[in-house]
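# below: sequence and its predicted model.
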Amino acid sequence: MEDKTIFPELPDWWRIFLLALSVASFLPQLGVFLVRRDSSGISPFYMLSNVLCATEQLAFLFLSAVIMPEDGYLIVHKPLTLGDWINLGHTAAIWVLWLILFVLSLSFLPGHRVSRAAAAAICFVHLLVSVVPQFVDVLLLPHDPGQGVYYNLDLAQVLFWGHFLLVLPATTVMRIVGVWLQAQKVISHPPGLPLPLSKASLGLQAVVFAVVAVSWLGRLPSHVEDIFGDDLSRALIYWFAINDGLLAGGQALLLGLVGGRRTESTIAATSEQTEPLLGRRSC
């Protein structure tokens with residue numbers, strides 16, 4: 001049975017190019033954290049929401065490519081192609097980068113013990129029910145020599161349906177809530193104090209992940225081996241696209257808010273311009 005794709009298949013060199021751009025978009029924000037060592041003004045739940053969504057993407061692709069590559073309704077080619085492994089590497093890299101930023105933001109955030117503890121606990125629990133069981137499945141459980149892959153079918157089915165029906169939509173809602181919480185942080189941040197949000201990262205991610213969102217429609221196959229296969233595959237493909245599209249839109253919104261804030265330099269420049277006028281009026 002041949003694979004059907006919604007859009008023409010994305011070339012592998014495009015996948016690698018988008019992977020490189022995606023990784024590069026995180027570097028300015030990583031540099032800001034490491035230089036300033038202060039994340040005041042960043043909501044822990046904004047970073048958490050991005051980690052949760054990235055974890056879900058990795059969980060579904062890892063489940064599809066490594067644990068259950070023979071199931072008809074999952075989102076890899078049969079047999080696996082280089083493009084499938086690039087997709088998996090892409091999601092893994094983004095997950096690691098969001099996890100690093102999340103840990104740094106909690107480490108450099110003064111006070112807010114309750115918020116930091118709650119965000120860390122949610123992240124830990126989510127890892128326990130997503131990628132950790134899959135790694136355990138691969139490393140510890142026996143595999144089927146006939147298939148040549150590691151999997152436990154019962155565990156895999158529980159993982160898939162639990163995440164598909166419950167966790168996946170919850171993380172999408174969490175991403176929207178995370179952007180809203182961060183927008184409130186930006187608006188309420190004291191004027192004149194710089195925010196530890198990199199405008200370069202926000203701008204790059206707004207553009208790059210908008211392209212990545214569209215690209216998912218051309219890099220994940222849709223199988224038609226059973227009556228439910230096609231619908232489930234398409235639902236996952238659309239979710240990948242919507243998930244990264246929401247990230248791009250959220251970063252663009254935050255960039256607009258951060259760019260509209262008055263910084264110390266603009267306040268100083270405004271003061272210098274108004275002082276002569278005030279002096280003249282007082283004469």
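Perfect, thanks for sending it.
# contact partners for M174?
45, 48-49, 52-53 (CB atoms under 8 Å, 6 or more residues apart in numbering). For the C-beta atoms, the positions are set from N, CA and C on the backbone; glycine is no exception.
# kindly report the same for L204.
L204 makes contact with 21, 24-25, 28, according to CB under 8 Å, 6+ apart.
# ok, now V186?
Contacts of V186 (CB under 8 Å, 6+ apart): 41, 195, 197, 254, 257-258, 261.
# out of the contacts of M174, which is most surrounded?
S49 (30 neighbours; other CB atoms under 10 Å).
# okay, that one: pLDDT?
Looking at S49, its pLDDT is 96.
# mind checking how far it is from L246?
Remark: distance between S49 and L246 (CB to CB, to the nearest Å) = 10 Å.
# what touches both of the two?
Contacts common to S49 and L246, judged by CB under 8 Å, 6+ apart, are 175, 179.
# what residues are up against L165?
If you count contacts by CB under 8 Å, 6+ apart, L165 has none.
# what is the lowest-pLDDT residue among the contacts of V186?
R261 (69).
# and the two most separated of the contacts of L204?
L21 and P28 (13.0 Å; CB to CB).
# hang on, the earlier thing: of all the contacts of V186, which comes closest to V214?
Nearest member of these to V214, counting by CB to CB, is L254, at 20.9 Å.
# and that closest one, which helix or strand is it part of?
helix 229-259 (DSSP states H and E).
# buried residues, that helix. List them.
Using 16 or more other CB atoms under 10 Å as the test for burial, helix 229-259 gives 229-230, 232-234, 236-237, 239-241, 243-255, 257-258.
# by contact count, what packs against it?
With contacts defined as 3 or more CB pairs under 8 Å, 6 or more residues apart in numbering; DSSP states H and E, the packing partners of helix 229-259 are helix 44-62, helix 168-188, helix 199-215.
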